[in-house]
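Student: one predicted model, sequence on top.
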Amino acid sequence: MKKRLSLKISISGVRGVVGDSLTPQLSASFAQAFGSYLGRGKVIVGQDARISGAMVKNAIYSGILSVGCQPVDVGICPIPSILILTKQRKAIGGIAVTASHNPKDWNGLKFINGKGLFLNHSQIEEFLDIYHQGDFSLAKVENYKSLLYEKNPTNPHLRKLLNYLNVDLIRRKKFKVAADCCNGAGAVLMPQFLKALGCQMILINTTLDGVFAHHPEPIPENISKLSKIIKEKNADIGFVQDADADRLAIVNEKGEPIGEELTLALAVKYILDKKPGPVVTNLSTTQAINDIAGEHNAPVFRTKIGEIHVVEEIINRKALIGGEGNGGVIFPEIHPCRDSFTAMGLTLESMASSGKSISQLQEEIPKYYMIKDKIDGTSEQAYPMLRELKKKYSGKEQISTLDGLKINFRDAWIHIRPSNTESIIRIVAEAKSRDGVEMLLEKFKKEILRILKWK
């Protein structure tokens, strides 16, 4: 029972506690199923810097090889670099070994198609059917391939970044940048990226030893050391990556975290100021995105939580930019995936082109107050509770049931949903004032706990 509870299988892939639910045998079986789903060909395999990465990755190689596919080891590598390389090398797919912001005893597998995108819902379902049936296309010995190694896996990613960004403009500013890589995969590319942009660098937590310098989620309480360095060294800006480098938090020149919601908002404003067009984000992202887009008469499309939902809608709507309010900027001109390096590049270019500091740009974003909270609870507990709340608020307020339940009030909203990756119920509330958001959250937490207890 413990294993079933700690193993999470969702559209975000597979995550579990290493040695408990995530074992070598399980990792190999998922790799066999994925290889059987893809067919024969090369499969890119990379990892974040977790200690367990080598164990999981080697189990994956066994599974991939057993079904006649050829794994290509890219080592410790940022997630966006893995996605871009998968497409650039014309591989049939890829696997990223990461548990993103989960604690260090967790790890996971994220599955990538030949377009360099994470599998969508229907693809995941088809692949999981093969896994659950155990119907693997085992190869004959004479069809086994060898393990290949990619020497410079971040090069295609770096080229794409530098080809898009106005590198000369950024270089002329000679920004002093402080960056915290969280001892994660971002440290592989960060020095080359900032050097190419002519930045003076102050880098911390760049040791790839699998020991996170702080909790790997890039939120304000985890970045106090960087804030201190920015003030001491008079840096122009600070950047904080998560463990696999797809998300970014920003710290202004005063050493103040500006909030991960503003990472996307700043990028959206910069892009739409240059050229108005559609924007895609998820239901839990700040209303500031709609306000910014509204100034340009640009439509905003909201999706379920999960990177692939946003990516698919970006592609379908031919959106200029999109992303998630957890610091995940998705800019399809570079690659349709969350990318902390793209977010950094757009932010630096915005500062360079406007001549404004990051705190001045921050002031131009509509002000909202958001609280992200959670309570213990499974999906089985969450859905009856959500039905009760829907019944109560239907007809009184504007609601969405696209992903859990989102209730929109005049100057505030609350979004309640079971997590895709953990046994928790996530609650996100936003309002125009701090008191307003605190009161809204407290009210709904009491309602949720009352219903869960009653149920």
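Tutor: Ah, there it is.

Student: what does the helix or strand hosting D435 contact?
Tutor: For D435, the enclosing helix or strand under DSSP states H and E is helix 434-454. Residues outside helix 434-454 that contact it (CB atoms under 8 Å, 6 or more residues apart in numbering): 369-371, 373, 375, 377, 381, 384-385, 388-389, 409, 411-412, 414, 416, 425, 427, 429-431. No exception for glycine: its C-beta is placed from N, CA and C like everyone else's.

Student: next, the buried residues of that helix.
Tutor: 436-437, 440-441, 444-445, 448, 451-452 (16 or more other CB atoms under 10 Å).

Student: quick check: the farthest pair among the residues you listed?
Tutor: The most widely separated members of these are G436 and L452, with 24.6 Å between them, by CB to CB.

Student: pLDDT of stretch 443-455, averaged?
Tutor: In this model, stretch 443-455 has a mean pLDDT of 88.

Student: how near is S227 to F193?
Tutor: 22 Å (CB to CB, to the nearest Å).

Student: of these two, who's got more company?
Tutor: Shown here are S227 and F193; by other CB atoms under 10 Å, F193 has more neighbours (24 against 20).

Student: does the more buried one touch T342 like I think?
Tutor: No. Applying CB atoms under 8 Å, one finds F193 not in contact with T342, separated by 10.4 Å.

Student: which neighbours do those two share?
Tutor: Looking at what touches both F193 and T342 (by CB under 8 Å, 6+ apart), the common residues are L161.

Student: list the contacts of the residue lying farthest from the centre of the chain.
Tutor: Distance from the C-alpha centroid of the chain, by CA atoms, centre = their mean, peaks at E142 (39.9 Å). Contacts here follow CB under 8 Å, 6+ apart; on that basis E142 touches nothing.

Student: was I right about T281 contacting E324?
Tutor: Yes. With contacts counted by CB under 8 Å, T281 reaches E324, the gap being 6.6 Å.

Student: identify the contacts common to those two.
Tutor: In contact with both T281 and E324: 264, 310, using CB under 8 Å, 6+ apart.

Student: pull the residues that contact stretch 342-355.
Tutor: 80, 161, 164-166, 169-170, 172-173, 175, 177, 193, 197, 199, 236-237, 239, 248, 250, 263-264, 266-267, 269-271, 327, 329, 331, 334-335, 357-358, 360-361.

Student: any of the residues you listed buried? List them.
Tutor: Buried among the contacts of stretch 342-355 (16+ other CB under 10 Å): 80, 161, 165, 170, 173, 175, 177, 193, 197, 199, 236-237, 239, 248, 250, 263-264, 266-267, 269-271, 327, 329, 331, 334-335, 358, 361.

Student: now, which of those residues lie within strands?
Tutor: Assigned to strands by DSSP state E, the following of the buried ones among the contacts of stretch 342-355 qualify: 177, 237, 239, 248, 250, 329, 331, 335.

Student: could you give the bridge partners of the fourth one?
Tutor: Counting by DSSP bridges, L248 is bridged to Q241.

Student: now for E324, how many residues are close by?
Tutor: E324 has 26 nearby residues by other CB under 10 Å.

Student: ok, it - contacts?
Tutor: Taking CB under 8 Å, 6+ apart as the test, what E324 contacts is 264, 281-282, 284-285, 305, 307, 310, 330, 338.

Student: generate CSV for the buried residues of helix 434-454, with distance to P156 as supplementary columns.
Tutor: Shown next, in CSV, are the buried residues of helix 434-454 (distance: CB to CB, whole Å):
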residue, distance to P156
G436, 46
V437, 42
L440, 45
L441, 43
F444, 45
K445, 46
I448, 45
I451, 50
L452, 48
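
Student: which one of these sits closest to H101?
Tutor: L441 (21.0 Å).

Student: how far away is the closest one from I112?
Tutor: From L441 to I112 the distance is 36 Å (CB to CB).

Student: what's the domain layout of the chain?
Tutor: 2-152, 156-363, 369-454 (automatic domain parsing).

Student: okay, now the unreliable bits of the protein?
Tutor: 1-5, 216-219, 454-455 (pLDDT under 70).

Student: nearest spatial neighbour of P276, skipping sequence neighbours?
Tutor: Excluding the flanking residues, the one nearest P276 by CB to CB, 6 or more residues apart in numbering is H296, at 3.9 Å.

Student: burial measure for the one you found, as a count.
Tutor: 16.

Student: that one and E256: what is the separation?
Tutor: 28 Å.

Student: same question for Y37.
Tutor: In terms of CB to CB, Y37 sits 46 Å off from E256.

Student: more neighbours, the two?
Tutor: Comparing Y37 with E256 by other CB under 10 Å, the one with more neighbours is Y37, at 23 against 17.

Student: for the more buried one, which non-adjacent residue is spatially closest?
Tutor: Looking at Y37 with CB to CB, 6+ apart, the closest residue is F127, at 4.3 Å.

Student: any figure for the gap between that neighbour and K42?
Tutor: Applying CB to CB to F127 and K42 gives a distance of 18 Å.

Student: hmm, back to that, distance of the residue farthest from the centre of the chain relative to G68?
Tutor: Using CB to CB, E142 is found at 10 Å from G68.

Student: check K151 too.
Tutor: Distance from K151 to G68, by CB to CB: 25 Å.

Student: so those two - more neighbours on which side?
Tutor: Neighbours were counted for K151 and for G68 using other CB under 10 Å; G68 has more, 18 against 7.

Student: ramachandran angles for that one?
Tutor: Dihedral pair for G68: phi 90, psi 10, per degrees, to the nearest 10.

Student: that one contacts G35, correct?
Tutor: Yes. The pair G68 / G35 is scored as a contact, 7.3 Å apart, by CB under 8 Å.

Student: identify the contacts common to the two.
Tutor: S137.

Student: for the stretch 101-250 of the chain, what spans make up the helices?
Tutor: For the stretch 101-250 of the chain, the helices defined by DSSP state H, counting those that start in this stretch occupy 121-133, 155-164, 167-173, 190-196, 224-233.
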